[in-house]
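*Asks:* coords please:
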Amino acid sequence: MRRIAFLLCLIALPAWAERIAVPPRPGALEDALARAGQGDSLILAPGRHAGPVTINSSLTLTGDPGAVVDAGGRGTVITVAAPDVTVRGLTVVNSGRSAETLDSGIKLTKTARGARVLDNDMRGNLVGVDIHGARDALVKGNRIEGLRLRRMNDRGNGVYVWNAPGSVVEDNEIRYGRDGIFSNTSKRNTYRGNLFRDLRFAVHYMYTNDSVIADNVSIGNHLGYALMYSDRIVARGNVSINDRDHGVMLNYTNQSDIFGNFVTGGTGKCTFVYNAHRNLLADNVFQGCEIGVHFTAGSERNTITGNAFIGNRTQVKYVGTTDVEWSFEGRGNYWSDHVVFDLDGDGRADSAYRPNDLMDHILWSQPAAKLLMGAPAVQLVRWSQAQFPAARTGGVVDSHPLTGAPVPELPERFERLAGAVPLWAQGVRDDDSRID
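*Replies:* Coordinates of the predicted model:
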């Protein structure tokens, strides 16, 4: 019986599968792809191989060290138009710069289901990898360095995902260009373990549902994780270090779980929540920002518990006329500026925490009032609110604040990168506008 099964396996294999060596001569790669059959392996010799080229058979395209595919500034370097193709271990350079056709290092078309883009080095391309309708693609272990055009919005994305359910983008290093991963009109995607540096957004979600963003690291970008117009997202274990405007932004994002993330440094807001509903924000650390959380635009029915707000200049910015409870089932959040007692030793403070008072609301709505900050009348208003609860306005209330919270330690590699001054802090101008 085993012998029969073995013979059946041999019959199932393509009898014509070959290993084809491709020399770095003009036209050699294009000719080899035209002759190749299902299951063949094309191995590029060291040297320059001319692109653009298109893969129309289910094969493997790989290379010896030093193999470069160069489009010479014309179109997409490698287009994959067949299922179950693997592109591995190549240097892919010099795509065209047409934003209309999304010129890319590697483009996976709708017919490239199950494509694998592994361990490639991509430089000087408008878009690194364009997953354009290809289901169940895997983009893993690549090093993508985008263009550094003066206007950031003229640059392409490291990985662009459009209508590509089931795609996985993991363990890539992406630097420069516009967005690290731009995910648009897709679902059931997983983006994990990637490193993003010196970009506009590390991860940018638009109309992407039922997906996972996990264990990524964003360093020195304008914004870390922008979740916009998307539902049922899980964002867990991500790190944002020295991102300029926001670490995490929820903009029209609903029914999503944002937990176990670490946002530190930067000059703007650790987190910005705008018109986002029924989300869970739990066990995150927001540290060292101008504003810990900016919570606005009628965001409702969110659960906020177990987070640590540490050393932010303003812990919470929220303007409202009703109380909003930020604890869940007797578990609130940790606030580094909340001086408390815990007489029963249960890890919960004996008094509630209110991050904002009436003067905060006045200062946010009337910035000119900052000139009065040192006036005795301002101090009197704040003292009155602290002493007489009836004088308090609506706002965030944490009825069960925590007395302690762990702060995750960064791996040594990321600590070293975190010490570098990001481009935005060096005064490099990208002619882009800030995100408020």
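*Asks:* residues touching the residue most central in space within the chain, list them.
*Replies:* In the chain, the residue lying closest to the centroid (CA atoms, centre = their mean) is Val203, at 2.5 Å. Neighbour list for Val203: Asp179, Gly180, Ile181, Ser183, Tyr191, Phe196, Ile213, Asn216, Ser218, Gly224, Tyr225, Ala226 [criterion: CB atoms under 8 Å, 6 or more residues apart in numbering]. Where you see a C-beta, it was placed from the backbone N, CA and C, and this is true even at glycine.
*Asks:* one more: Leu223?
*Replies:* Residues near Leu223 by CB under 8 Å, 6+ apart: Arg200, Phe201, Ala202, Asp243, Arg244, Asp245, His246, Gly247, Met249, Ile435.
*Asks:* compare the residues you listed and tell me which is most surrounded.
*Replies:* Gly247 (34 neighbours; other CB atoms under 10 Å).
*Asks:* walking through the stretch 251-400 of the chain, point out its strands one by one.
*Replies:* For the stretch 251-400 of the chain, strands defined by DSSP state E, counting those that start in this stretch occupy the ranges 257-259, 262-264, 269-274, 280-282, 285-287, 291-296, 303-305, 308-310, 314-317, 324-325, 334-335, 396-397.
*Asks:* any idea of the mean pLDDT in the second one?
*Replies:* Yep, that's strand 262-264 we're talking about. Over the span of strand 262-264, the pLDDT mean works out to 94.
*Asks:* neighbouring strands of it in the sheet, and parallel or not?
*Replies:* strand 239-241 (parallel), strand 285-287 (parallel) (DSSP bridges).
*Asks:* packed most tightly, which of those would that be?
*Replies:* strand 239-241 (a mean of 27; mean count of other CB atoms under 10 Å).
*Asks:* residues in contact with that one: which ones?
*Replies:* Applying CB under 8 Å, 6+ apart, the set of residues contacting strand 239-241 is 202, 216-220, 224-225, 247-248, 261-266, 270, 410, 414, 417-418.
*Asks:* now do stretch 401-411
*Replies:* Under the contact criterion CB under 8 Å, 6+ apart, stretch 401-411 has outside partners 239, 241, 262, 285, 287, 306-308, 310, 327, 331-335, 338, 340, 342, 347-349, 352-353, 418.
*Asks:* among those, which ones are buried?
*Replies:* Neighbour counting with 16 or more other CB atoms under 10 Å marks 239, 241, 262, 285, 287, 306-308, 310, 327, 332-335, 338, 348-349, 353, 418 as buried within the contacts of stretch 401-411.
*Asks:* and Thr264, what is it in contact with?
*Replies:* Contacts of Thr264 (CB under 8 Å, 6+ apart): Ser240, Ile241, Asn242, Gly247, Cys270, Val285, Gln287, Gly288, Cys289.
*Asks:* what about 7 Å?
*Replies:* Counting by CB atoms under 7 Å, 6 or more residues apart in numbering, Thr264 touches Ile241, Gln287, Gly288.
*Asks:* ditto for Gly332
*Replies:* Gly332 sits next to Thr305, Trp326, Asp398, Ser399, His400, Pro401, Leu402 when contact means CB under 7 Å, 6+ apart.
*Asks:* follow-up on the earlier one: most neighbours among the contacts of Val203, which one?
*Replies:* Gly180 (34 neighbours).
*Asks:* so how far is Ser104 from that one?
*Replies:* Plainly put, Gly180 is 15 Å away from Ser104 if you go by CB to CB, to the nearest Å.
*Asks:* equivalent analysis for Leu33, please.
*Replies:* 17 Å.
*Asks:* so where's the stretch 251-400 of the chain shaky on pLDDT?
*Replies:* 297, 320-321, 342-343, 345, 347, 356-394 (pLDDT under 70).
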